[in-house]
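Chemist: Starting from these lines, generate the structure:
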Amino acid sequence: MEYTAPRILLAGTNSGCGKTTLCCALLQALVNRNMQVGAFKCGPDYIDPMFHSRIIGTHSANLDSFFFSENTLRYLLAKNSHGCDVSILEGVMGFYDGLSLDSTKASTYEVARITRTPVVLVVNAAGAAMSVLAVIQGFFSLYPDNQIQGVILNRCSVGSYPGLARAIREKFAGKIQPLGFLPAVPESTLESRHLGLITAGEVENLKEKLQTLAMQAEKTLDLDGLLELAWSAPALTCEEVTFPRQEPVRIGVAQDKAFCFYYGDNLTALEELGAQLVPFSPLTDNHLPENLDGLYLGGGYPELYLPQLSQNQQMRQSIREALDAGLPCIAECGGFMYLTQAIADVPMVGAVEGSCFDRGKLTRFGYVTLTAQKDNLLCKAGQSIAGHEFHHWDCTENGSVFLAEKPSGKQWPAVVATETLYAGFPHFHFYANPEFVRNFYEACRKEKYRHAGNHQTR
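Modeler: Prediction:
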């Protein structure tokens with residue numbers, strides 16, 4: 001099938017070049033024009049999509065060529081672009097940076113190539129003049145199918161831009177268009193912490209900062225030129241990836257400042273299957289919602305809220321008793337940490353063995369393939385799914401039901417899992433292997449009858 005999806009991809013020369021700030025400025029400016037805007041993030045990141053979502057009012061989707069087949073990648077772009085006037089894709093790291101120092105696999109470039117999305121290169125022009133052209137030339141000439149058609153100069157001064165834009169037009173003879181610049185806007189800086197930006201919910205005066213960025217974008221970005229480029233994007237060709245609707249179940253989803261890392265498409269996949277998602281807060285609620293058939297504890301920053309989580313003994317007991325009774329549960333990274341005996345010697349739920357401690361650096365960072373060593377909640381022994389680890393904290397008992405393997409070949413045991421539980425540091429996306437979410441949903445369906453005292457199946 002073919003899907004019309006006007007779109008552009010903002011790609012950086014490197015991490016830290018300002019593409020997230022620029023992307024937020026552009027999204028807010030387009031929303032201010034009363035346009036229906038879609039937003040996407042290349043790669044496995046959770047935090048940047050939170051900023052996108054605050055602006056566009058719906059979830060921002062991830063596009064990851066390690067997680068997904070080419071068809072699934074195109075389908076998720078088409079699906080989440082439906083009804084949008086334009087979609088903005090934000091790249092990850094530098095444009096060509098992939099799984100390793102010598103690979104473009106899982107890079108922004110690969111996403112652009114697979115989806116045939118026009119690329120606008122974001123170049124940090126601070127402290128540079130004609131050297132900017134050398135940077136653009138290098139990116140443009142490295143691979144001929146790069147899709148690069150425009151450039152935006154970030155941290156560029158008002159005085160420098162006209163001359164640099166003229167030089168870009170002359171040098172590239174219309175093949176690459178200068179599409180504006182964004183000067184430094186110190187009052188709208190988005191701060192970082194060890195796993196990326198501070199989350200959107202923690203940024204003071206976020207709306208004001210975004211509006212300041214949007215006002216600047218209206219002044220110095222060529223918004224009409226960017227839209228014209230987006231509307232030139234070819235149609236997307238793909239087959240649908242669907243989750244046939246099942247009978248309804250109730251799945252509790254931890255959603256607060258401590259637990260906020262969820263792929264939007266994971267939640268919608270559960271809803272497409274028929275789930276009623278019931279949000280709750282381990283920080284402030286006293287117990288789990290009533291009549292749950294399943295539980296989803298996402299990642300986040302539980303280590304920042306240890307006193308609140310630990311002092312909420314009623315919630316800890318509620319979760320422990322539910323899991324002991326067999327409630328199906330997926331707990332990823334921060335959610336897994338919460339289920340352990342303790343984080344930094346502060347008592348947690350205690351539903352699984354082990355205590356968590358801070359290693360002070362990224363631990364087992366990067367993409368992994370998870371292969372089950374035993375039958376479990378999500379799959380049979382031997383089945384695999386693409387995943388990702390991104391954490392500073394570790395646990396004395398990480399589990400061994402799955403074997404995690406990096407693309408380099410490095411392996412380690414991972415994940416505590418039973419017939420009703422997946423708990424471990426690796427995150428995964430349901431569209432990376434739809435059978436995993438269908439199995440979780442089926443376990444929730446069986447739980448619906450079990451806790452109701454009715455064991456019928458159908």
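Chemist: okay, and for this protein, where does confidence drop off?
Modeler: Applying pLDDT under 70 to the chain flags the ranges 186-204, 453-458.
Chemist: Going by residue numbers, what spans are helices in it?
Modeler: 19-32, 47-56, 70-81, 108-115, 131-142, 161-172, 206-220, 223-231, 264-273, 306-311, 313-324, 334-339, 434-451 (DSSP state H).
Chemist: and among those helices, the most buried is which?
Modeler: Each of those was scored by mean neighbour count; the highest is helix 334-339, a mean of 28, by mean count of other Cβ atoms under 10 Å. The way it works is simple: take the backbone N, C-alpha and C, and place the C-beta from them, glycine included.
Chemist: any idea how far that helix is from the chain center?
Modeler: The chain centre lies 19 Å from the centre of helix 334-339; the measure is Cα atoms, centre = their mean, to the nearest Å.
Chemist: contacting residues around it?
Modeler: For helix 334-339, the external contacting residues (Cβ atoms under 8 Å, 6 or more residues apart in numbering) are 254, 258-259, 261, 282, 296-303, 309, 319, 323, 331, 343, 348-352, 356, 393, 395, 416, 423-425.
Chemist: quick revisit: output the helices of the chain in JSON lines, with distance to P244 appended to each entry.
Modeler: Formatted as JSON lines, the helices of the chain follow (distance: least, Cβ to Cβ, whole Å):
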{"stretch": "helix 19-32", "distance to P244": "33"}
{"stretch": "helix 47-56", "distance to P244": "27"}
{"stretch": "helix 70-81", "distance to P244": "16"}
{"stretch": "helix 108-115", "distance to P244": "26"}
{"stretch": "helix 131-142", "distance to P244": "43"}
{"stretch": "helix 161-172", "distance to P244": "49"}
{"stretch": "helix 206-220", "distance to P244": "39"}
{"stretch": "helix 223-231", "distance to P244": "33"}
{"stretch": "helix 264-273", "distance to P244": "8"}
{"stretch": "helix 306-311", "distance to P244": "37"}
{"stretch": "helix 313-324", "distance to P244": "28"}
{"stretch": "helix 334-339", "distance to P244": "27"}
{"stretch": "helix 434-451", "distance to P244": "9"}
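Chemist: coming back round to it: quick one, which of the contacts of helix 334-339 are buried?
Modeler: Using 16 or more other Cβ atoms under 10 Å as the burial test, the contacts of helix 334-339 include 254, 258-259, 261, 282, 296-303, 309, 319, 323, 331, 343, 348-352, 356, 393, 395, 416, 423-425 as buried.
Chemist: Restricted to strands, list the residues you listed.
Modeler: 254, 259, 261, 296-297, 299-300, 331, 343, 356, 393, 395, 416, 423-424 (DSSP state E).
Chemist: Between those residues, which sits nearest K446?
Modeler: Nearest to K446 among those: Y296, at 16.7 Å, using Cβ to Cβ.
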